[in-house]
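Enquirer: here is a sequence together with a model predicted from it:
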Amino acid sequence: MNYEQLIEELREEMLQLVNTKCDALLQMYRSGEQRTDMKDTIRESSLITVSPAELKGKRPLAVQFAPGEWIETPTWRKVAQKILQTCNEQPDIHERFMEMCGKVAGRWRTILGSSPEEMDVPIKVDEELYFEGKFDTEAMLNMLEKKVLEPAGVDYSSIKIRYMAKGQEQAKNIEHVPEQDALEHEEQEQHATVQTM
């Protein structure tokens, strides 16, 4: 892991955030707006530099792999699914994931398995490869990073996530659903079927 590169990436993210906020303030000043809340800012963070705890309560918008196009991911489960599916496309990573099947477990259930029956909310990655999705945002991202990606030797430093905070949704008059309620609603929709893209 190249710490100098990570620090430079963090510096770039922080500068981007400062520039975005300053641009919004300038626009507000020029338009004569009296509003001082900066709730319409969409943020981007590298998966390796952002803490999963910081993403709790945020709404994901998209995921990016290396410099490339953003792929829409409206839920944290879709974020995990897209990351795993993209990593799984690499033959060596696919082989490692398959070797890990059934051997990666949380406290009560399998995290990475070959059968959806072993899980409460299976997220389909590939044929006979599923990831457990019944977690809150922080726990799911921790499981993804610490129990699957890192042990499989996946370099996820180039993966970026675009997201919006709850308060930002309210500022844009988007109907707000608390994260746990949203996860439960998503789980109910998937209860009988396995999630696919």
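Expert: Good, I have the coordinates.

Enquirer: what is the stretch of helix or strand M98 belongs to packed up against?
Expert: Mapping M98 onto the secondary structure by DSSP states H and E places it in helix 91-100. Secondary-structure packing of helix 91-100 (3 or more CB pairs under 8 Å, 6 or more residues apart in numbering; DSSP states H and E): helix 76-88, strand 122-126. In this view, the C-beta of every residue, glycine as well, is placed from N, C-alpha and C.

Enquirer: return the distance of it from the chain's centre.
Expert: How far helix 91-100 lies from its chain's middle: 21 Å, per CA atoms, centre = their mean, to the nearest Å.

Enquirer: same check, this time on stretch 71-81
Expert: Using CA atoms, centre = their mean, the offset of stretch 71-81 from its chain centre is 6 Å.

Enquirer: which residues touch that stretch?
Expert: Identification of contacts with stretch 71-81 by CB atoms under 8 Å, 6 or more residues apart in numbering yields 55, 59-65, 82, 121, 123-125, 131, 133, 137, 140-141, 144, 161, 182-183, 186, 195, 197.

Enquirer: surely Y156 meets K146?
Expert: No: in terms of CB atoms under 8 Å, Y156 does not count as a neighbour of K146; the distance is 11.4 Å.

Enquirer: more neighbours: the two, which one.
Expert: Between Y156 and K146, Y156 has the larger neighbour count (other CB atoms under 10 Å), namely 16 against 12.

Enquirer: element containing the more buried one?
Expert: Short version, using DSSP H and E: Y156 is in no helix or strand.

Enquirer: hmm, back to that, just the buried members of the contacts of stretch 71-81?
Expert: 55, 59-65, 82, 121, 123-125, 131, 133, 137, 140-141, 144, 161, 182-183, 186, 195 (16 or more other CB atoms under 10 Å).

Enquirer: show me where the chain has helices.
Expert: Under the criterion DSSP state H, helices of the chain are mapped to 3-31, 52-55, 76-88, 91-100, 137-142, 166-171, 179-190.

Enquirer: in a markdown table: those helices, plus mean pLDDT and distance to S45.
Expert: Supplementary listing: the helices of the chain in a markdown table, determined by pLDDT from 0 to 100; distance: least, CB to CB, whole Å:
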| stretch | mean pLDDT | distance to S45 |
| --- | --- | --- |
| helix 3-31 | 77 | 6 |
| helix 52-55 | 87 | 8 |
| helix 76-88 | 95 | 12 |
| helix 91-100 | 94 | 23 |
| helix 137-142 | 92 | 11 |
| helix 166-171 | 45 | 15 |
| helix 179-190 | 46 | 17 |
